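Engineer: Any chance you could fold what I've pasted below:
(2 chains)
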Amino acid sequence: MPKHTKSTDNNRPGQARSIRDELEKRAWVQNPDLANRLNNRLEGGKRHYDNPRRILRWQDRILLTLGFVLLVLLVIRAETSIADDAFWGLQLTNDSGVYSELAINTGIRLDITGLVSRVEITQSFTNHGNHWAEGIYRFPLPQGAAVDRMRIKVGERLLEGEIQEKESARRTYQQARDAGQTATIVEQQRRNQFETRLANIGPGENIEITIAYLQNVSYSDFSYHLRLPMTFTPRWEPGQQAVGGQQNTMQQAPDLIPSSSTNGHGFTLDANLVTAVEFAAIESRYHDVDIRQVNNGYQIELLNPNEISDRDFVLSWTPTLESHPSVSLTTFNDGDSVYAQLMLAPPLADAISPQAREVILIIDTSGSMEGDSLGQAKAALLHALNSLGPDDYFNLLQFNSETERLFDQSIAVTPTSLYIAQNFINRLQANGGTNMAPALNMALGMPEVPQLMRQVVFITDGAVGNENELLQKVAENLGNSRMFTVAIGHAPNSWFMRKTAEIGRGSFVHIGKPDDVETQMSALWGRIQLPALTDICVNWGDAAEYFPEVIPDLYAGEPLWLLARLPTEPTMIGLCGELNDQHWELNVNGWDAVATGQGGDNLAKLWARKKIESLEDGLMFGADPELTQLEITGLALDYGLLTRYTSMVAVDRTPRRNSGDSLAVSEIPGLLPAGSSAQLAGYPSTATGWLAQLILSLFVLLLATCMLLFSGSRLPLTKITAKT
Amino acid sequence: MKLLNMPKRHGGLAVMSLIAAVFLLDALWIPVKAELAQHLLERSWLRTLAGEPDAKPWPWADTRAVAILEVPRLGLREIVLEGSSGRNLAFGPTLVNATQLDESADRILSGHRDTHFSFLKELQTGDLLRLRTVKEIRDYRVSWQEAVDSRIQQLVIDDSVERLTLLTCYPFDAPTSGGPLRWVVTAIPES
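Structural biologist: The predicted model follows:
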């Protein structure tokens, strides 16, 4: 096509030879001024160019372009050669290769009680291959969710996931697979991803997978939010391929593209919001929904399933905030014990009188913080200085192998002190080792400013070995201070940081990506600026086992959430605390008792999760490992939880035909789920890109040399007169 | 000097060449440093083996040698450093775990795909990986390799599983750095 166009251009008499010439000419016609000036300069100017058509010689043009390209490439370090190849859904492997299946039906059910939601997802697939296959089903999970229920229907057979002790689960799966039975085991090696393997799927067979997990509801801007990733839903358009991550893998799968008449691919989403109080507003941020009020709360249904596609489903609901802290209590009686969830909502921000604080910022400046981490941490610190009020006091500490403090003791916020602090922050450099203990000691040991609440903010990416010792020190020296910990980096010692914050009655933030520092830190500063209710105590009226064991303060814009197990139904629960420097008390007499079907068992599960977490913590403080393992395993089996000692496995007891046939099996090591205990790690950046830089610079050098050599050659002189 | 006597219009060329030369040296310095550091780290490793608790390779370092990774089939030997920061990665493969190597069962190492861990693309399932720590020598077999998206997935460090994971950026031959994909090689202990 382009060739053709060109030849017609050339044949036309009186036309310019190339498109560029033509464009240039047109520009001159449109802007005669420029043409005049150019011609004047070319004729009258001192320097004469060989080719007056061009202001820059061709060598310079090429060099400039190359220089620009080099700069752009070095500045924008973009990965170019491959597109996103994450695949969600069912991937089947048989003798002839790997192919992917798209979900024909997807159904999502949400049951929201308090600050937790049970999410149940059902997806159905068909094995379009002609052979027996092994499948891997992958599904994106929101942050912090762990699958605790699984049901798989292969053909007419139903497999129900069952929590077993880890070793026995593993044996069960391997035996079943080798015997040619349909079997599956849950593994969650990567966080935010559910992955399960299915052995022995027959040709043309239908597979229906149901998984369920508990997800925490988040709270920000005075509303609760529930966010569901929707990337797994294939976007169906009549007669077209599915769009999104599946495109690449689709090529090998024949007959998968539904014709426009296919109406088998359905999508439904229902939510049940259990509540005793009315909400000020309920909305779905990106999708049209139908909201109905029912006797135990609200029913929400997705109206237009076709619009789901690439946007996350976000449901938000806003409670009516009052001028004082409000309490809501939910209980569940399973016959043996009573589980209670107590939610303390902060009052409106206007109703809180800001308290003057003493803020001590501790920053890790060890060598590992060099680069992005330190840069972002500096930004966060400067942000913190800006958020200080005129009545506040502050101090700054930096530590690496040595500890250095800015002021001997905290001083008032004045333009001068702020200026000194800003200079101190700007001068910070990352070098040396990570010696944490002296810094913590120094911060907690500094003389307190009378009448002020001390908040210690501790920013590090570091690993520590002597956790128990450090924690004990914090517990002993804390006094009336509050500890807030901020972990930066791929794999900080999150356990230690979380525990420090827990003991220190503060909060813990983990910032995995440098990009998130600014937003996360802003949120933290905003939150800790307004303590609403402090020194909170709860009288459960009975021998309650409740979590968190150390109750933190209540801050504006962030509710407090307690889970307890009581031997009997309580009659009254008493709360007390300090509100705006005054004693505050509240007795709770009435609450909702929820049944199993309404998410009551979720409360029991959540409580058990907390209990297991605290048992695991005990290991760090010298609890007997064998006893702890027994206790955790017992709890996990009772409450149906995945832990470091238990897995979920499902086996079809009847052996299937063709079991002797080859089944393409790839062994994934450690078919083991991650319990609540597992540590999380991000992926470090692991490429330097030196080769690209080398090649580019070599290329430019070569070109420059060539041009130097050939720059003697002149171009024929032509002159174009602009039409004016 | 010829360069100085050049006609004025060659000034652009000279500046460009100079910039290119600086970039060239800067680029070359990365693999040279990566190789040199491994030799310097040898001493830190020997001191670690001798029982020194915090054998820093140089006084201002925030790291130390914690292990040797060997790939017998490829004849490779790399000194592994503690702490997976960008600075440490320039010197060698690093340990991602925040805990001590000898106390971790689920061990994760990361390295640059264009320096120390460039061999990852040549690894095959079944390859032997040998990790020498202060306390033991352990053999692993590569059992699973895959690409993951670091924007949507996180690694789980689960110390109830014995395994060795090697991480690097993916794709291996991408000219520039900073992409979201990672190549994950999982190896299980040889029983």
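
Engineer: Can you name the residue of the stretch 251-400 of chain A nearest chain B?
Structural biologist: The stretch 251-400 of chain A approaches chain B most closely through A:G367 (3.0 Å), counting by CB to the nearest CB. The way it works is simple: take the backbone N, C-alpha and C, and place the C-beta from them, glycine included.

Engineer: Contacts only, for the residue lying closest to B:S150 once chain neighbours are set aside.
Structural biologist: Among residues not flanking B:S150 along the chain, A:Y683 sits closest, at 3.8 Å (CB to CB, 6 or more residues apart in numbering or on different chains). Applying CB atoms under 8 Å, 6 or more residues apart in numbering or on different chains, we find A:Y683 in contact with A:490, B:110, B:148, B:150, B:154-155, B:167, B:182.

Engineer: cool, and A:T460?
Structural biologist: Applying CB under 8 Å, 6+ apart, the residues contacting A:T460 are A:362-364, A:434, A:436, A:485-488, A:492, A:497.

Engineer: does it have beta-bridge partners, and which?
Structural biologist: Assessed by DSSP bridges, A:T460 has beta-bridge partners A:A487.

Engineer: okay, it: pLDDT?
Structural biologist: A:T460 carries a pLDDT value of 86.

Engineer: Any figure for the gap between it and chain B?
Structural biologist: A:T460 sits at a distance of 11 Å from chain B (criterion: CB to the nearest CB, to the nearest Å).

Engineer: Where does A:V700 sit: helix, strand or coil?
Structural biologist: helix (DSSP: H, G, I helix; E, B strand; the rest coil).

Engineer: ok, it touching B:L18?
Structural biologist: No - assessed by CB atoms under 8 Å, A:V700 is found out of contact with B:L18, at 10.6 Å.

Engineer: more neighbours, the two?
Structural biologist: A:V700 (22 against 13; other CB atoms under 10 Å in any protein chain shown).

Engineer: so what's that one up against?
Structural biologist: Contacts of A:V700 (CB under 8 Å, 6+ apart): A:63, A:66-67, A:70, B:16-17, B:19-20.

Engineer: helices or strands up against the lengthiest strand in chain B?
Structural biologist: As assigned by DSSP state E, the longest strand anywhere in chain B is strand B:137-149. If contacts are counted by 3 or more CB pairs under 8 Å, 6 or more residues apart in numbering or on different chains; DSSP states H and E, strand B:137-149 sits against strand B:128-132, strand B:163-169, strand B:181-189.

Engineer: related to what we said a few turns ago, from the contacts of A:V700, which one has the minimum pLDDT?
Structural biologist: Among the contacts of A:V700, A:L70 has the lowest pLDDT, at 67.

Engineer: and the lowest-mean-pLDDT helix or strand in chain B, how far out from the chain's middle?
Structural biologist: Least confident element among the helices and strands of chain B, by mean pLDDT, DSSP states H and E: strand B:154-157 (a mean of 73). When distances are taken as CA atoms, centre = their mean, to the nearest Å, strand B:154-157 is centred 19 Å away from the chain's centroid.

Engineer: close to chain A, is it?
Structural biologist: Yes - using CB under 8 Å from any CB of the partner chain, strand B:154-157 reaches chain A at B:154-157.

Engineer: mind putting those residues in a markdown table, neighbour count included?
Structural biologist: Formatted as a markdown table, the residues of strand B:154-157 next to chain A follow (neighbours: other CB atoms under 10 Å in any protein chain shown):
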| residue | neighbour count |
| --- | --- |
| B:Q154 | 19 |
| B:L155 | 28 |
| B:V156 | 23 |
| B:I157 | 25 |
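
Engineer: can you list the residues you listed in CSV and add distance to A:A543?
Structural biologist: Conversion of the residues of strand B:154-157 next to chain A to CSV gives the following (distance: CB to CB, whole Å):
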residue, distance to A:A543
B:Q154, 38
B:L155, 40
B:V156, 36
B:I157, 36
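
Engineer: low-scoring stretches of the stretch 51-200 of chain A, by residue?
Structural biologist: A:51-59, A:70-88, A:143-144, A:180, A:187-193 (pLDDT under 70).

Engineer: how does it look with 80?
Structural biologist: A:51-104, A:113-115, A:129-134, A:138-146, A:155-157, A:170, A:173-174, A:176-200 (pLDDT under 80).

Engineer: Tell me where it has strands.
Structural biologist: Under the criterion DSSP state E, counting those that start in this stretch, the stretch 51-200 of chain A contains strands at A:89-94, A:97-101, A:105-113, A:116-126, A:133-140, A:146-154, A:157-160, A:162-165, A:183-187, A:190-191, A:193-201.

Engineer: Of all those, which one is nearest chain B?
Structural biologist: Going by CB to the nearest CB, the one of those nearest chain B is strand A:190-191, 3.9 Å.

Engineer: how about the longest helix seen in chain B: buried residues?
Structural biologist: Longest helix of chain B, by residue count under DSSP state H: helix B:11-49. Buried residues in helix B:11-49, defined by neighbour count with 16 or more other CB atoms under 10 Å in any protein chain shown: B:12-13, B:16-17, B:19-20, B:23-24, B:27, B:30-31, B:33-34, B:37-38, B:40-41, B:44-45, B:47-48.

Engineer: Ok, stretch B:135-155 next?
Structural biologist: So stretch B:135-155, judged by 16+ other CB under 10 Å, has buried residues B:138, B:140-145, B:148-150, B:152-155.

Engineer: avg pLDDT for stretch B:134-143?
Structural biologist: Stretch B:134-143 shows a mean pLDDT of 89.

Engineer: so who does A:G266 touch?
Structural biologist: A:104-107, A:305.

Engineer: Can you tell me which of those residues comes closest to A:I201?
Structural biologist: Nearest to A:I201 out of these is A:I104 (CB to CB; 14.9 Å).

Engineer: Distance-wise, check A:S401 relative to B:T115.
Structural biologist: Using CB to CB, to the nearest Å, A:S401 is found at 28 Å from B:T115.

Engineer: I misspoke; the intended subject was B:S84.
Structural biologist: For B:S84, the distance to B:T115 - CB to CB - is 15 Å.

Engineer: so what secondary structure elements neighbour the helix or strand harbouring A:W561?
Structural biologist: Taking DSSP states H and E as the definition, A:W561 sits inside strand A:560-566. Strand A:560-566 sits against strand A:338-345, strand A:545-547, helix A:600-620, with contacts defined as 3+ CB pairs under 8 Å, 6+ apart.

Engineer: which one of the ones you listed is the most hemmed in?
Structural biologist: Compared across these, strand A:338-345 shows the largest average neighbour count, a mean of 22 (mean count of other CB atoms under 10 Å in any protein chain shown).

Engineer: quick revisit: skip ahead from the strand holding A:W561 and say which helix or strand is next.
Structural biologist: Next helix or strand after strand A:560-566 toward the C-terminus (DSSP H and E): strand A:573-579.

Engineer: what does that following strand contact?
Structural biologist: A:324-325, A:327, A:329, A:340, A:342, A:344, A:532-541, A:554, A:583-588.

Engineer: Buried subset of those, written for ChimeraX?
Structural biologist: Entered in ChimeraX, the line below selects the buried ones among these, by 16+ other CB under 10 Å:
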select /A:324,325,327,329,340,342,344,532,533,534,536,538,540,554,584,586,588
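
Engineer: so of the contacts of strand A:573-579, which ones are in strands?
Structural biologist: Among those, DSSP E puts A:327, A:329, A:340, A:342, A:344, A:532-539, A:554, A:583-588 in strands.

Engineer: filter those by proximity to chain B?
Structural biologist: Of the ones in strands among the contacts of strand A:573-579, not one also sits near chain B (CB under 8 Å from any CB).

Engineer: A:L374: what secondary structure?
Structural biologist: Quick answer, by three-state DSSP: A:L374 is helix.

Engineer: How about it, nearest residue that isn't a chain neighbour?
Structural biologist: According to CB to CB, 6+ apart, the nearest residue to A:L374 is A:A430 (4.7 Å).
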